[in-house]
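Asks: I would like the atomic coordinates for the input below:
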Amino acid sequence: MTSPSADSPLADGTRAAHAGLPEPVVGEPFLPGPVFAAPYHLDPVTGPGENGYARAEQPTRRHLEEAIGSLEGGRALVFASGQAAVTAAILSVVRAGDRVALPGDGYFPVRAFARDQLAALGVSSVLVPTAGPYPDLSGLRLLLLETPANPGLDVADIRALAGAAHAAGALLAVDNTAATPLGQNPLALGADLVVASGTKALTGHSDLLLGYVATNDPALFDALSAWRTITGGVPGAFDCWLAHRSIATLDLRLARQTANAAAVAELLSSRADVDGVRWPGLPSDPSYPVASRQMRRIPGIVAFDLGSAERVARFLTTSRLVFAATSFGGVHTTADRRAQFGDDTPPGFVRFSCGIEDTADLIADLTAALDASLLPPSSAPSPSSSSSPSPESSR
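Replies: Have a look, this model is predicted:
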């Protein structure tokens, strides 16, 4: 069986369900269980065959890489985390004296990596807002985009920036974490590299750490592969198996998350007590023109501002369906106040990640929690007395 690729006539749900599966073998499972081994038997004369040592070759990892590569439209390498993947993408292509441009409003650890590590290696960096304006790209080795940006949800025009980067002699890498390959395919839009955290919506069950890099450039792939083999930042077999198993439901999960985000964004936009609502699927959102042209699906993340840290705390304490947690893209709805984690955001800024709960239940719970968050602490109802529905109400 050949995995359906990003340009396959098959629909996304079909591609996700079949991505990376091996040829059917009578009596064997659809997706083989994880192979737990570090060394493998070698041929006494010729040495390793397909597998020699798991840091370099691992069958469970290969199946996952084939699955991700088929969805992204390139060849993929998986890493132990999203941060490990973006680190590999940068350090495998830059050298001392190079200059890189990074998103100034994207994932904070990437900026910290540039400040604390790249600078020490003699690599200079410039921070650029995702929505622009972009500086002259001459002299850059690498331009990294994160689109939609986390947590502000601005969107960059990948095709236009790929053309500008290549005209300036630079490589373009795109962090596709929020969108996932079912939301957009940066390689098809001209990017040289795609990086992502598979911890988030790609796998969606909040039970593993994973990252990946994908490319269509053989030289870049070889450099990345050599980097990973030497540095050793590989995920374990069971995490790879869990990730591959989870990808089969990606299309279904994203469909509900996007529907929930649309309803949440509409509700928040209608409330005078909520400011700064951002979701690229709203026609009124500044990113809508680019997102609607570039993306096949808008992710289930909504950003908004409740005005103060205290109100965010009351909102999260009162809600019965929204978990306070730092991450996004999982099957459970979560929210976090990003200023707690070092992001340069207002104290009441909330990143809200829609799960797969029933839309009506989520909206009812969100409405009740927002109403309660306006009350003084002594007047706010406790979670047990909240009028929002219990998780069982939709059964």
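
Asks: looking at this protein, which residue lies furthest from center?
Replies: Ranked by distance from the centre of the chain (C-alpha atoms, centre = their mean), the top residue is V45, with 44.3 Å.

Asks: contacts only, for that one.
Replies: For V45, no contacting residues are found, by C-beta atoms under 8 Å, 6 or more residues apart in numbering. Placement of C-beta: from N, CA and C, glycine included.

Asks: all helices of the chain, in order?
Replies: In the chain, helices defined by DSSP state H lie at 12-18, 59-72, 82-91, 108-113, 158-167, 218-231, 237-247, 250-269, 288-294, 309-318, 359-373, listed in chain order.

Asks: now the helix or strand bottoming out on mean pLDDT in the chain - C-alpha only, CSV.
Replies: Taking mean pLDDT, DSSP states H and E as the measure, the helix or strand of the chain with the lowest value is helix 108-113, at a mean of 93. Output in CSV follows, covering the C-alpha atoms of helix 108-113 (Å, rounded to 0.1, in the frame of the first residue of the first chain):
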residue,chain,number,x,y,z
PHE,A,108,8.4,32.2,22.9
PRO,A,109,11.0,29.5,23.3
VAL,A,110,12.1,30.0,19.7
ARG,A,111,13.0,33.6,20.5
ALA,A,112,14.7,32.6,23.7
PHE,A,113,16.7,30.0,21.7
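
Asks: who does that helix touch, helix- and strand-wise?
Replies: With contacts defined as 3 or more C-beta pairs under 8 Å, 6 or more residues apart in numbering; DSSP states H and E, helix 108-113 has these neighbours: helix 82-91, strand 99-103.

Asks: with mean pLDDT and distance to G198 added, can I get these in CSV?
Replies: Below are the helices and strands packed on helix 108-113 laid out as CSV (pLDDT from 0 to 100; distance: least, C-beta to C-beta, whole Å):
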stretch, mean pLDDT, distance to G198
helix 82-91, 97, 7
strand 99-103, 98, 19
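
Asks: can you list the low-confidence ranges for the stretch 1-150 of the chain?
Replies: For the stretch 1-150 of the chain, the stretches flagged by pLDDT under 70 are 1-2.

Asks: no no, the stretch 251-395 of the chain
Replies: Looking at the stretch 251-395 of the chain by pLDDT under 70, you get 377-395.

Asks: 80 instead, please
Replies: Across the stretch 251-395 of the chain, the ranges flagged by pLDDT under 80 are 342-343, 376-395.

Asks: contacts for the least confident helix or strand of the chain next, please.
Replies: With C-beta under 8 Å, 6+ apart as the contact definition, helix 108-113 has outside contacts at 83, 86-87, 90, 102-104, 127, 144, 146, 341-343.

Asks: list buried residues within these.
Replies: Buried by 16 or more other C-beta atoms under 10 Å: Q83, V86, T87, I90, L102, P103, L144, E146, D343, out of those.

Asks: is it true that the last one touches A149?
Replies: No. Here D343 does not reach A149: they are 11.0 Å apart, not a contact under C-beta atoms under 8 Å.

Asks: thinking again about what came up before, tell me which two in the contacts of helix 108-113 are the farthest apart.
Replies: The distance between the two most remote of these (C-beta to C-beta) is 21.6 Å, for I90 and F341.

Asks: ok, back up a step: nearest to L250, of the helices and strands packed on helix 108-113?
Replies: Each of the helices and strands packed on helix 108-113 was checked against L250 via C-beta to C-beta, and the shortest separation belongs to helix 82-91, namely 16.4 Å.
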